[in-house]
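Enquirer: Kindly generate the corresponding structure for this input.
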Amino acid sequence: MSAEANRQAAAAFVRGLLDGGVVAAVLSPGARSTPLAFALADAADRGELALEVELDERAAGFLALGRARAARAPVALACTSGSAGAHWLPAAIEAAESGVPLVLCTADRPAELLGVGAPQAIDQRRLFGAFAPFARDLPAPGAAPVELWRAVAVDAAASGGVAHVNLAFREPLWAPGAALPALASRPAPLRGAPRLDDAQVGALAGRLAGARRGLIHCGPHASADPAFGPAVLALGERLGWPVVTEFGSGARLGPPAAARVTRLDALARDEAFAPAWAPDLVLRFGRAPHSRAVQRAWRVADPQLIGVDPRGLRQDPQLMLGQTVTAEPVALLQGLLARLEGAPAAGWLAGWQALEARASAALDAAAAEGAWGGAAARALALGAPAGAFLHGASSLAFRDLDGWVPTGTRAARALVSRGANGIDGTLSAAVGHARVRPTALLTGDLAFLHDLSGLRLMGRTRPDLVVVVVDNDGGGIFDHLPLAGAPAARLERLFTTPQAADFKAICGSFGVPFADAPAPELAAAVAQAFAAGGPHVLRLAVGRAEDQARREAAWAAVATATRGVRP
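Expert: Below is the predicted model:
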């Protein structure tokens with residue numbers, strides 16, 4: 001009886017996942033999740049979802065995260081009972097912080113085996129705490145109508161964020177039986193950000209129209225909607241405002257746009273910048289600026305600051321926001337465009353365009369020479385094929401892509417893990433991206449070595465993924481922090497942590513092609529790797545002292561090139 005009840009409940013649960021919008025699932029092997037595994041496999045055999053099987057739950061979590069981010073749709077994870085699901089926590093944190101929908105399905109022992117010393121039985125309720133706002137505990141099948149399993153799955157998948165469903169199964173877990181009839185689909189509940197009424201949109205439009213020198217800032221994870229970039233840039237042009245587009249914002253890449261500004265970090269490093277270019281109002285989408293230089297500039301400017309977040313979260317570590325608008329970004333932008341007439345402030349946007357052009361010329365010239373992080377970012381972007389994803393690991397790699405990706409790159413979308421800003425799961429998430437579209441990844445050596453399960457995943461699944469490793473033999477980011485002034489021996493031992501890894505041997509052990517690529521040949525090597533297909537790892541050896549010196553020289557060149565430009 002238990003086996004048949006398990007089959008029916010698991011089938012109903014998977015039907016609910018599909019009805020809620022799940023497009024793929026990642027399963028890690030284990031006995032207690034047997035009914036769910038078979039139900040997922042049945043759905044995959046019918047062509048209803050893509051199913052991946054991954055041994056390591058931590059790698060599986062980031063694989064699902066990457067796929068969900070790239071596909072803009074929820075992905076389910078399934079595992080056995082006990083500590084298995086705990087390995088998903090880093091991915092769950094990143095998904096929660098960056099607004100990526102995941103459905104975490106942990107199999108569990110039935111109630112009678114909990115708290116009595118049964119093996120692989122722990123308290124799995126609320127396993128992910130605040131990072132899974134939707135959390136449900138389902139009883140063993142037979143204790144409730146099977147429709148409950150479908151209904152909970154629909155609600156979890158359609159919740160729009162991280163959802164955890166704990167599914168108890170009683171033995172016997174499985175027995176041979178006739179195939180279950182396909183369950184009928186039902187529409188999922190409609191969910192989304194609250195829509196502002198006409199009066200609220202009109203009031204916001206009035207505030208924007210009244211600003212003398214306004215600016216729009218698009219931080220990481222501003223929106224995954226492909227309509228966001230064109231809409232926010234159109235608003236900037238309508239108002240005559242610059243639109244700062246950080247890497248991973250959803251507005252950084254794409255056709256040339258008069259309002260797009262990409263070089264604010266380099267510009268703001270000049271002490272003369274903030275007083276001359278202070279905006280009086282900033283409309284912010286997404287997270288706060290990653291750049292400390294930009295943060296300092298805004299503290300000097302002290303503008304009116306309005307944040308937009310679909311979940312109503314306060315993205316405001318500097319505590320400067322005067323208002324948070326809870327709205328879906330594209331719908332809000334469309335409403336504002338319908339109400340605002342073009343009355344740009346004379347010279348304001350033109351001045352920003354001059355800054356952008358001069359800064360870009362200086363940065364492009366700097367990145368065309370030497371072996372350092374900026375050169376690696378430029379080469380990766382130039383070598384990636386049209387329509388590819390660009391993905392940057394957190395730490396220096398993300399900053400290098402933000403600072404040195406040239407304008408006019410052919411890549412389609414910039415992807416980052418800047419929710420919690422961790423380096424974990426970098427390779428696994430990139431594999432998830434590459435399951436949707438060819439992907440180019442820039443990473444440091446420590447983030448690469450931190451996710452060797454992701455490298456194994458690359459070798460096993462053979463995605464079209466080209467990884468450029470900037471090997472500076474440790475954590476180069478610490479050279480940019482105040483602790484860089486600590487005694488060298490202590491800095492190396494406690495923070496930089498050189499690993500002296502043999503990348504060729506490591507990649508070879510997983511069957512992933514590897515090559516050292518000198519800086520002048522890196523862009524061509526990236527293009528050749530994509531043309532060959534499958535996974536590739538390219539390493540650029542970088543000296544940390546030269547890397548730091550070239551960055552400082554590039555920022556000085558930007559200051560010199562733009563010092564005479566005034567609004």
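Enquirer: ok, so what distance separates residue 463 from residue 359?
Expert: In this view, residue 463 and residue 359 are 35 Å apart by CB to CB, to the nearest Å. Using the backbone N, CA and C atoms, a C-beta is placed for each residue, glycine as well.
Enquirer: Neighbour count: these two, which is higher?
Expert: Legend: neighbour count by other CB atoms under 10 Å for residue 463 and residue 359, higher for residue 359 (26 against 21).
Enquirer: surely the more buried one meets residue 269?
Expert: No. Look at residue 359 against residue 269 with CB atoms under 8 Å: they stay out of range, at 10.4 Å.
Enquirer: Identify the contacts common to these two.
Expert: The contact sets of residue 359 and residue 269 overlap at residue 558 (CB atoms under 8 Å, 6 or more residues apart in numbering).
Enquirer: And for residue 547, the neighbour number?
Expert: Using other CB under 10 Å, the number of residues around residue 547 comes to 24.
Enquirer: Give the other helices and strands that the strand or helix carrying it contacts.
Expert: Residue 547 belongs to helix 544-562 when elements are defined using DSSP states H and E. Judged by 3 or more CB pairs under 8 Å, 6 or more residues apart in numbering; DSSP states H and E, the packing partners of helix 544-562 are helix 264-268, helix 348-367, helix 373-383.
Enquirer: and those helices as TSV, adding mean pLDDT and distance to residue 473?
Expert: Formatted as TSV, the helices and strands packed on helix 544-562 follow (pLDDT from 0 to 100; distance: least, CB to CB, whole Å):
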stretch	mean pLDDT	distance to residue 473
helix 264-268	95	25
helix 348-367	95	21
helix 373-383	96	13
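Enquirer: Out of those helices, which is closest to residue 177?
Expert: helix 373-383 (51.5 Å; CB to CB).
Enquirer: Contacts made by the very next helix or strand once past that closest one with the rest, please.
Expert: As assigned by DSSP H and E, the chain's next helix or strand after helix 373-383 is strand 389-392. Residues outside strand 389-392 that contact it (CB under 8 Å, 6+ apart) are 70, 247-248, 253, 377, 380-381, 384, 398, 400-402, 405, 409, 411-416, 429-430, 433-434, 436-443.
Enquirer: Go through those residues and flag which are in helices.
Expert: Using DSSP state H to define helices, the subset of those located there is 70, 377, 380, 381, 398, 400, 401, 402, 429, 430, 433, 434.
Enquirer: Columns distance to residue 98 and neighbour count on top of those, output as CSV?
Expert: Shown next, in CSV, are the ones in helices among the contacts of strand 389-392 (distance: CB to CB, whole Å; neighbours: other CB atoms under 10 Å):
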residue, distance to residue 98, neighbour count
70, 13, 24
377, 21, 28
380, 22, 32
381, 22, 26
398, 13, 26
400, 20, 28
401, 16, 28
402, 16, 27
429, 11, 33
430, 15, 34
433, 13, 27
434, 18, 27
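Enquirer: from those, which single one is nearest residue 137?
Expert: Nearest to residue 137 among those is residue 429, at 28.4 Å by CB to CB.
Enquirer: hang on, that closest one packs against residue 62?
Expert: Yes. Counting by CB under 8 Å, residue 62 is a contact partner of residue 429 at 4.4 Å.
Enquirer: tell me, what's touching these two both at once?
Expert: Contacts common to residue 429 and residue 62, judged by CB under 8 Å, 6+ apart, are residue 454.
Enquirer: okay, and for the stretch 51-200 of the chain, where does confidence drop off?
Expert: For the stretch 51-200 of the chain, the stretches with pLDDT under 70 are 178-179, 181-182, 187-194.
Enquirer: residue boundaries of the strands in it?
Expert: Assigned by DSSP state E, counting those that start in this stretch, the stretch 51-200 of the chain shows strands spanning 75-79, 102-108, 134-138, 162-168.
Enquirer: Report all helices and strands that the third one contacts.
Expert: Using 3+ CB pairs under 8 Å, 6+ apart as the contact criterion, the secondary-structure elements in contact with strand 134-138 are helix 147-157, strand 162-168.
Enquirer: and if you look at the second one?
Expert: With contacts defined as 3+ CB pairs under 8 Å, 6+ apart, strand 102-108 has these neighbours: helix 57-71, strand 75-79, helix 89-98, helix 147-157, strand 162-168.
Enquirer: For the nearest residue in space to residue 384 that is not next to it in sequence, give me its contacts.
Expert: Leaving aside its chain neighbours, residue 384 sits nearest to residue 440 (4.1 Å; criterion: CB to CB, 6 or more residues apart in numbering). By CB under 8 Å, 6+ apart, residue 440 lies in contact with 380-381, 383-384, 388-391, 411, 465-466, 468, 526, 530.
Enquirer: which residues touch residue 348?
Expert: Residue 348 is in contact with 213, 240, 241, 242, 567, counting by CB under 8 Å, 6+ apart.
Enquirer: quick one, what contacts the first one?
Expert: Looking back up the chat, that one is residue 213. Counting by CB under 8 Å, 6+ apart, residue 213 touches 278, 279, 280, 281, 345, 348, 567.
Enquirer: Leaving out the residues flanking it, which one is nearest to residue 398?
Expert: Nearest one to residue 398, counting by CB to CB, 6+ apart, is residue 392 at 4.0 Å.
Enquirer: neighbours around that neighbour, how many?
Expert: Neighbourhood size, residue 392 [other CB under 10 Å]: 30.
Enquirer: Likewise for residue 2?
Expert: Neighbours around residue 2, by other CB under 10 Å: 18.
Enquirer: And it, what's its pLDDT?
Expert: The per-residue pLDDT reported for residue 2 equals 87.
Enquirer: That one contacts residue 143, correct?
Expert: No. With contact defined as CB under 8 Å, residue 2 does not count as touching residue 143 (11.0 Å).
Enquirer: quick check, nearest of the contacts of residue 348 to residue 450?
Expert: Nearest to residue 450 among those is residue 242, at 36.6 Å by CB to CB.
Enquirer: What count of nearby residues applies to the closest one?
Expert: Counted by other CB under 10 Å, the residues lying close to residue 242 total 26.
Enquirer: Once you drop chain neighbours, what's closest to it?
Expert: Excluding its sequence neighbours, the residue lying closest to residue 242 (CB to CB, 6+ apart) is residue 352, at 3.9 Å.
Enquirer: same question, residue 57
Expert: residue 87 (3.6 Å).
Enquirer: cool, residue 246 as well?
Expert: Distances taken as CB to CB, 6+ apart put residue 219 closest to residue 246, at 5.3 Å, once the chain neighbours are dropped.
Enquirer: Identify the residues contacting the one you found.
Expert: When contacts are counted by CB under 8 Å, 6+ apart, residue 219 touches 246, 249, 284, 285, 286, 287, 288, 289, 290, 315.
Enquirer: at 7 Å instead, please
Expert: Residues in contact with residue 219, defined by CB atoms under 7 Å, 6 or more residues apart in numbering, are 246, 249, 284, 285, 286, 287, 288, 289.
Enquirer: Repeat that for residue 145.
Expert: Residue 145 neighbours (CB under 7 Å, 6+ apart): none.
Enquirer: Angles on the backbone of it, please.
Expert: As for residue 145, its main-chain torsions (degrees, to the nearest 10) stand at phi -60, psi 140.
Enquirer: Distance check, it against residue 17.
Expert: Distance from residue 145 to residue 17, by CB to CB: 18 Å.
Enquirer: With residue 356 instead?
Expert: According to CB to CB, residue 356 and residue 17 sit 45 Å apart.
Enquirer: Which of the two has more residues huddled nearby?
Expert: Neighbour comparison, residue 356 and residue 17: the larger count goes to residue 17, with 30 against 23 (by other CB under 10 Å).
Enquirer: Surely the more buried one and residue 104 touch.
Expert: No. If you go by CB atoms under 7 Å, residue 17 and residue 104 don't touch, sitting 11.7 Å apart.
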